[in-house]
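*Asks:* no sequence on this one, just coordinates:
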């Protein structure tokens, strides 16, 4: 791992230094050319781009996957893996269902009523990373909240392997969710196809799911044409460690996060210098014998006390935050910006990635300051029903008229005032 020790400069200054350090290692990405190709040439461009970037060994005729292929992948799934996938799906669904709120009616002083209610979007696009690796967990994490939200049409896209076929584990997860609109396409081109549509792909209303820098920039480009969950970048982990934290456990936690790639920044904050040294050594030892662990960035930050570690976390807004201090539960109450907080020494981020029931599609890059985990709310929109009776109209109209004329919109005032004449 590429470890670097930072000096404590205060929470805000240290967090800024960490972000700048991580950003410096990320290569620039431009998706403009792919946008032009997909939007102007549709299916033809999608097939060419998929062949170029994902499936060079395949002769592609269609990107639509037959649902029967997904059912077949589920049928031959290893029993232990299927049981784990079903357990994950059940936990994700139970947590998602707990997030659906009831309609709320507000009666105001003049007598008017405002009904606040939520309705699902018409169609959702789910992106699951794939290609060289499979991410069936991402299919579950995105599709199940969309189903709980009540979305009528869900289209899932995931890049195929070199042979042009989607990974069977992702297909099995799609079948487990009952999804039938499946496309073997990935990258920025998949995002543009879902947002704008092609000859065979109808556009969606919201796109959700994790992806690489190309997917992130494509989601940024289509925001406004469609809704998105977040601009998720490289996965992140911050650990606040205590004097009795087991360095071997933390070393494995860091290595697990580094499996996402060399762009995933890792941060460890601790009061004692020897704790930082022990964790760094444990992470290096573990990484040396595990080929799946990438050469990720590792920041070691000495903090004055545990509370300062929380202040740093709130300024840094990490995607995942592990609190391994003795009084972790109390410290957790002060956390305001992390995407997901794992409280106590047994709370490894890996549980949240798969089985805890929380969602692993989380804000990164500091976006936790204004957004949170993916959930049913990502796929729902609020509607306000306003009922104004005769008495309310008579009382409110003069105030509307005064405000409207002050803003230079006198006809707004007339529109309200005429209701007082009948």
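*Replies:* Noted; the coordinates are in hand. Just so we're clear, the structure is a prediction, and the values are computed from it rather than from any experiment.
*Asks:* just the buried residues of stretch 56-63, please?
*Replies:* Buried residues in stretch 56-63, counting neighbours by 16 or more other C-beta atoms under 10 Å, are found at 58, 60, 63. (C-beta placed from N, C-alpha, C; glycine too.)
*Asks:* can you check stretch 219-231 too?
*Replies:* Residues 219, 221-222, 226-231 are the ones in stretch 219-231 that count as buried (16+ other C-beta under 10 Å).
*Asks:* could I get those as JSON lines with distance to residue 323?
*Replies:* Output for those, formatted as JSON lines (distance: C-beta to C-beta, whole Å):
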{"residue": "219", "distance to residue 323": "30"}
{"residue": "221", "distance to residue 323": "36"}
{"residue": "222", "distance to residue 323": "36"}
{"residue": "226", "distance to residue 323": "36"}
{"residue": "227", "distance to residue 323": "32"}
{"residue": "228", "distance to residue 323": "29"}
{"residue": "229", "distance to residue 323": "25"}
{"residue": "230", "distance to residue 323": "23"}
{"residue": "231", "distance to residue 323": "26"}
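*Asks:* pick the one among these closest to residue 372.
*Replies:* Each of the buried residues of stretch 219-231 was checked against residue 372 using C-beta to C-beta; the closest is residue 230, at 8.7 Å.
*Asks:* surely the closest one is in contact with residue 361?
*Replies:* Yes. Between residue 230 and residue 361 a contact is recorded at 7.5 Å, counting by C-beta atoms under 8 Å.
*Asks:* mutual contacts of these two, please.
*Replies:* Contact criterion C-beta atoms under 8 Å, 6 or more residues apart in numbering; residues bridging residue 230 and residue 361 by contacting each: residue 374.
*Asks:* for residue 59, give me the pLDDT.
*Replies:* You'll see residue 59 listed with a pLDDT of 88.
*Asks:* how about it, secondary structure?
*Replies:* Three-state assignment for residue 59 (DSSP: H, G, I helix; E, B strand; the rest coil): coil.
*Asks:* so what's it closest to, chain neighbours aside?
*Replies:* The shortest distance from residue 59 to any non-neighbouring residue, by C-beta to C-beta, 6 or more residues apart in numbering, is to residue 164 (7.6 Å).
*Asks:* check residue 190 too.
*Replies:* Excluding the flanking residues, the one nearest residue 190 by C-beta to C-beta, 6+ apart is residue 157, at 4.3 Å.
*Asks:* isn't that neighbour up against residue 187?
*Replies:* No. The criterion here is C-beta under 8 Å, and residue 157 misses it with residue 187 at 9.5 Å.
*Asks:* now the longest helix belonging to the chain: how far from the chain's centre is it?
*Replies:* With secondary structure taken from DSSP state H, the chain has its longest helix at helix 79-97. Offset of helix 79-97 from its chain centre (C-alpha atoms, centre = their mean, to the nearest Å): 19 Å.
*Asks:* report all helices and strands that whichever helix or strand comes after that helix contacts.
*Replies:* Going down the chain from helix 79-97, the next helix or strand is strand 104-107, by DSSP states H and E. Under the contact definition 3 or more C-beta pairs under 8 Å, 6 or more residues apart in numbering; DSSP states H and E, strand 104-107 sits against strand 113-120.
*Asks:* list the contacts of residue 294.
*Replies:* Residue 294 is in contact with 258-262, 264, counting by C-beta under 8 Å, 6+ apart.
*Asks:* kindly report the same for residue 297.
*Replies:* Taking C-beta under 8 Å, 6+ apart, we find residue 297 in contact with 1-2, 4, 21-22, 25, 262-266.
*Asks:* one more: residue 412?
*Replies:* Here residue 412 is in contact with 400-401, 404 (C-beta under 8 Å, 6+ apart).
*Asks:* same list, these, but as CSV with distance to residue 238, neighbour count and secondary structure please.
*Replies:* Converted to CSV, the contacts of residue 412 look like this (distance: C-beta to C-beta, whole Å; neighbours: other C-beta atoms under 10 Å; DSSP: H, G, I helix; E, B strand; the rest coil):
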residue, distance to residue 238, neighbour count, secondary structure
400, 50, 17, helix
401, 54, 18, helix
404, 50, 18, helix
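*Asks:* ok, so of the residues you listed, who is nearest residue 103?
*Replies:* residue 400 (26.0 Å).
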